[in-house]
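1. Fold the following, please.
(one chain, ligands or ions: 1)
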Amino acid sequence: MSRKIVAGNWKMNKSMTEAQALVQELNGMAGAWPSDVKVIISPPMLYLTQIAVNTGDNLHVAAQNCHAEKSGAYTGEVSAVQLKSSGVNFCILGHSERRQYFGETDESVNAKVKSCLAEGITPIVCIGELLEEREAGREFSVVETQLKGGLEGLSSEEIEKCIVAYEPVWAIGTGKTASSDQAQEIHAFIRTKLSEISSQEVADTVSILYGGSCKPANAKEIFSKPDVDGGLIGGASLNASDFNALINSY
Ligand code: PGA
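-> Okay, here's the model as predicted:
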């Protein structure tokens, strides 16, 4: 099984009409994508069902968040059960923007990871250090804490079903990308930590994506690193030709 994934995180962008137009463009390009690369897009929650039925076999749909409970009095929230029943099979969890603006913690991420796995949804677990944490030389300990916190209590079989995204917060939407060597260093570290909490075999099957100002101009170099299995792409996923170029960087 290939570990290669290119996932687009649309965040809170695009009208329904624009979203549908982008999907149509991507569907038209999908035939030429490398067959060993899994391509995922995550439109705003509101569009998921509509988009999920319009994507071809080569394009998968992810939510950008979910609630940990199955149902109940949680106004404005959507559960993993509801996502699954709407044909959504992937969910981004613990994105730094959710940690920063919505009080997401390793504990809440962990509860959501468990709720997704219980429904057969693949969680894309985001981790990454702040600029001041990197400047203080704390990037490894921050990443380790977030990784272990997010995956706390999972069996090796469950860990194997997760995707991890390393997104240094200082590189998200800033135009500053981690160098390919910086990315590789942290990705190799994440894989080692995964092997410690599961097994080498499991660690070798988990996809670890890089995110943070990844674009056509730098993707080839970053994706060429042995422990970088693709990207979680923000800005460059909003434009079909850029996203297509990223997918074809493999
Ligand atoms: P960016 O965002 O590619 O726009 O930096 C990445 C992300 O937030 O997932």
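2. Residues of this protein that sit close to the ligand?
-> Residues of the chain found near the ligand (CB under 6 Å from any ligand atom) are 9, 167, 172-173, 211-214, 232-236. (C-beta placed from N, C-alpha, C; glycine too.)
3. PyMOL command for the buried members of these?
-> With 16 or more other CB atoms under 10 Å as the criterion, this PyMOL line picks the buried residues out of the residues of the chain next to the ligand:
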select buried, resi 9+167+172+211+212+213+214+232+233+234+235+236
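4. I'd like to know which of the residues of the chain next to the ligand is nearest to Ser108.
-> Checking these against Ser108 by CB to CB gives Glu167 as the nearest, at 17.5 Å.
5. Could you work out the most separated pair of the residues of the chain next to the ligand?
-> Glu167 and Ala236, at 13.7 Å, using CB to CB across the residues of the chain next to the ligand.
6. among the helices and strands of this protein, which one scores worst on average pLDDT?
-> Using mean pLDDT, DSSP states H and E, helix 48-54 stands out as the lowest-scoring helix or strand of the chain, at a mean of 91.
7. what's that one packed up against?
-> helix 16-29, strand 59-63 (3 or more CB pairs under 8 Å, 6 or more residues apart in numbering; DSSP states H and E).
8. which residues touch it?
-> Helix 48-54 has contacts (CB atoms under 8 Å, 6 or more residues apart in numbering) with 16, 19-20, 23-24, 27, 41, 43, 61, 63, 83, 86-88.
9. What of stretch 220-235?
-> 3-9, 11, 37, 92, 124, 126, 165, 167, 172-173, 177-178, 180-181, 183-184, 187-188, 190-191, 207-211, 213-215, 219, 243, 246, 249-250.
10. can you give me the helices in the protein?
-> Applying DSSP state H to the chain gives helices spanning 16-29, 48-54, 80-85, 96-101, 106-119, 131-135, 139-150, 156-160, 180-197, 200-205, 216-223, 240-247.
11. any chance of the ones you listed in a markdown table, plus distance to Tyr74?
-> Formatted as a markdown table, the helices of the chain follow (distance: least, CB to CB, whole Å):
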| stretch | distance to Tyr74 |
| --- | --- |
| helix 16-29 | 25 |
| helix 48-54 | 18 |
| helix 80-85 | 11 |
| helix 96-101 | 15 |
| helix 106-119 | 12 |
| helix 131-135 | 31 |
| helix 139-150 | 21 |
| helix 156-160 | 24 |
| helix 180-197 | 30 |
| helix 200-205 | 32 |
| helix 216-223 | 38 |
| helix 240-247 | 33 |
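12. what's the least confident stretch among the ones you listed?
-> Lowest mean pLDDT of those: helix 48-54, a mean of 91.
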